[in-house]
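Engineer: Structure for this input, please:
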Amino acid sequence: MNKKNIIALTGCAILIVVIFFGFISNYFNTKKTISILQGKGSITKAIMNIETSSNLMKITITDADTLNYINDALKNAQLIDVPRGGAFDISVRVYIEKNGKNANFEILKSQYYGWRLEIGDKYFRSDDLFKLIQGLIKN
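Structural biologist: Numbers count the residues shown, from 1 in each chain. Model (predicted):
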């Protein structure tokens, strides 16, 4: 083998290792986030960045009743199978503080597939959380 082939093979091997570790890292980050969001304990703070076609809002929630509502909604969220990607009418980036840990996820609404929670590489359905977002958008 000449020097160019060795360099090319080394580069390919490094790329494969990096991609592999990326998939593994994403898998464990998803599990950790789901564990925080659906685990025991109370949410102490939620920040929502809500983006619609006509508006951009940042809402900080510290009200105990609303935080408990979000906590229950996340615990009862159901795993669903929907296609990845798409054009979204509503996009909400949610940052949660729970048990001294931070987690974030997205709530998305598409014309074709409706509402979904995106946590890492998993999708969930939570009608209660979707109703909360709709109420926040109307106010």
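
Engineer: Setting aside sequence neighbours, what's the nearest residue to Ser42?
Structural biologist: What sits nearest to Ser42 in space, not counting adjacent residues and going by CB to CB, 6 or more residues apart in numbering, is Asn71, at 6.2 Å. Where you see a C-beta, it was placed from the backbone N, CA and C, and this is true even at glycine.

Engineer: Then the one you found would be within a helix, right?
Structural biologist: Yes - for Asn71, which was evaluated using DSSP: H, G, I helix; E, B strand; the rest coil, the result is membership in a helix.

Engineer: Tell me which residues touch it, please.
Structural biologist: Residues touching Asn71, when contacts are defined by CB atoms under 8 Å, 6 or more residues apart in numbering, comprise 42-43, 98.

Engineer: so what does the helix or strand containing Lys4 touch, helix or strand wise?
Structural biologist: Taking DSSP states H and E as the definition, one finds Lys4 inside helix 3-38. Packing contacts for helix 3-38, counted by 3 or more CB pairs under 8 Å, 6 or more residues apart in numbering; DSSP states H and E, involve helix 64-75, strand 88-98, strand 101-110, strand 114-119.
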